[in-house]
Every structure is written in C-alpha cells, then in structure tokens.
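Participant: Okay, predicted coordinates and the sequence, questions at the end:
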Amino acid sequence: MCFKVPEVKVPDAPPVPSADSEEARARRAKEVDAARRQRGRAATILNTPLGDPSYGQSIRRTQLGGF
C-alpha cells in the first residue's frame, strides 16, 4: 500500500518593515526600555573613578542601638 502525501502549502512570510519606519523605531524604543528595566536600580547608581564624593565628610548617621 502506498499513500501519497499531499504537499503542505507554507504561508508567505510577512513583509519586513524598513529600518526607518515608525514601527521599527517604536519596537527599538520598547526594547531599550525593557533592557533598562531589566538592569534595575543598580544601573542608576553612578560610579566615578574618583570614588565616593562624600568620603571623609562628617555625616551624622542613625545608629542601630538608638544612641
């Protein structure tokens, strides 16, 4: 017994938007925003090669003992 397998028709791919289109710009902006959110708060802490600018200043800090 031989069965003839019908050919499967593959649908055409959707057209690729140009790099300058509004849709592409919006998608890129959304990807950048998602990457920023994924990095989180640590990405907002600014580190400099000079270190902490408040180092050495007398800062009154709250102590855990209540003193």
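Facilitator: Yep, it's here. Residues are numbered from 1 along each chain as shown.
Participant: So for Lys9, what's the pLDDT?
Facilitator: The model reports Lys9 with a pLDDT of 92.
Participant: separation between it and Phe3?
Facilitator: Separation of Lys9 from Phe3 (CB to CB, to the nearest Å): 19 Å. Every residue, glycine included, has its C-beta placed from N, CA and C.
Participant: again with Ala24
Facilitator: Distance from Ala24 to Phe3, by CB to CB: 46 Å.
Participant: Give the residue from the two that has the larger number of neighbours.
Facilitator: Ala24 (13 against 5; other CB atoms under 10 Å).
Participant: which stretch of helix or strand covers the more buried one?
Facilitator: helix 22-39 (DSSP states H and E).
Participant: can I get the CA coordinates of that helix in PDB?
Facilitator: Written as PDB, here are the backbone C-alpha positions of helix 22-39 (Å, rounded to 0.1, in the frame of the first residue of the first chain):
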ATOM      1  CA  GLU A  22       7.800  54.300  12.800                       C
ATOM      2  CA  GLU A  23       7.000  50.700  13.600                       C
ATOM      3  CA  ALA A  24      10.700  49.800  13.800                       C
ATOM      4  CA  ARG A  25      11.600  52.800  15.800                       C
ATOM      5  CA  ALA A  26       8.800  52.100  18.300                       C
ATOM      6  CA  ARG A  27      10.000  48.500  18.600                       C
ATOM      7  CA  ARG A  28      13.600  49.500  19.200                       C
ATOM      8  CA  ALA A  29      12.500  52.100  21.900                       C
ATOM      9  CA  LYS A  30      10.500  49.400  23.600                       C
ATOM     10  CA  GLU A  31      13.500  47.000  23.600                       C
ATOM     11  CA  VAL A  32      15.700  49.700  25.000                       C
ATOM     12  CA  ASP A  33      13.200  50.500  27.800                       C
ATOM     13  CA  ALA A  34      12.800  46.800  28.600                       C
ATOM     14  CA  ALA A  35      16.600  46.400  28.900                       C
ATOM     15  CA  ARG A  36      16.800  49.400  31.200                       C
ATOM     16  CA  ARG A  37      14.100  48.000  33.500                       C
ATOM     17  CA  GLN A  38      15.800  44.600  33.500                       C
ATOM     18  CA  ARG A  39      19.100  46.200  34.700                       C
END
